[in-house]
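Peer 1: no sequence on this one, just coordinates:
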């Protein structure tokens, strides 16, 4: 079955630096979503990008989608200690909109 | 404020016991979901419901049961048939298809077998 796989598994950076996380998937998709999870909490929706879009921005977040490479990236600019969390990509494919596949996530640690 | 409330935050289950996790939403969302999260892994779908009085099995439904008697509520029962229930359980809801609009998640219930 298709699955979003994040890379790297873990990332440690200094405050103020940019953080880039990547997601690869196996089959064609309609949409791809990025979520954030603080330790022991639920997921928070960040951005949804559709298959006909190449880039979306939200504040310090920038998401790109390359359907030819079946990959997406999440860039967090000017990172802050509060950005420390796990970040997940989620894909739907064409299997029906009620079943979304979540990857294992990238754990980001931003050092103050 | 609108949102999803999961309770309890922590739950301990003895061997052979059934336990029920609560999930309530006041977002007027039609669809609700239960996911299981194990350490270092992504979320796996247990059950989902698109409308009241209807629900569908997800990828790991064995040992779990649900009901959807009200739009606002989607409780999950972890039965004694679930042999490895220790995990973090997340409830979510969406307007229509979550893959089209995104999901709103609760804060989770951490279930531990003692």
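Peer 2: Perfect, thanks for sending it. Fair warning: this is a prediction, and the values are worked out from it, not measured in the lab. Numbering: from 1, shown residues only, chains lettered A, B, ... in the order given.
Peer 1: Get me the contact residues on chain A for chain B.
Peer 2: A:3-4, A:30-31, A:33, A:35, A:40-45, A:48, A:88, A:90, A:92, A:97-105 (C-beta under 8 Å from any C-beta of the partner chain). C-beta here means a position set from N, CA and C on the backbone, and glycine is covered the same way.
Peer 1: of the residues you listed, buried ones?
Peer 2: A:3-4, A:30-31, A:33, A:35, A:41-43, A:45, A:48, A:88, A:90, A:92, A:97-105 (16 or more other C-beta atoms under 10 Å in any protein chain shown).
Peer 1: Inside helices: which ones of the residues you listed?
Peer 2: Among these, no residue falls in helices (DSSP state H).
Peer 1: what stretches of chain A score poorly on pLDDT?
Peer 2: Regions of chain A meeting the criterion pLDDT under 70 cover residues A:1-3, A:93-98.
Peer 1: Got phi/psi on the one residue in chain B that gets nearest to chain A?
Peer 2: Closest residue of chain B to chain A, C-beta to the nearest C-beta: residue B:97 (2.9 Å). Note on residue B:97: backbone dihedrals following degrees, to the nearest 10 are phi -80, psi 120.
Peer 1: Hmm, residue B:29 and it touching each other?
Peer 2: No: the criterion here is C-beta atoms under 8 Å, and residue B:97 misses it with residue B:29 at 11.2 Å.
Peer 1: Identify the residues contacting residue 87.
Peer 2: If you meant another chain, say so; for now it's chain A. A:6, A:21, A:34, A:35, A:36, A:37, A:46, A:74, A:105, A:106, A:108 (C-beta atoms under 8 Å, 6 or more residues apart in numbering or on different chains).
Peer 1: Sorry, I should have been clearer: chain B.
Peer 2: Neighbours of residue B:87 in contact, by C-beta under 8 Å, 6+ apart: B:36, B:37, B:38, B:110, B:111.
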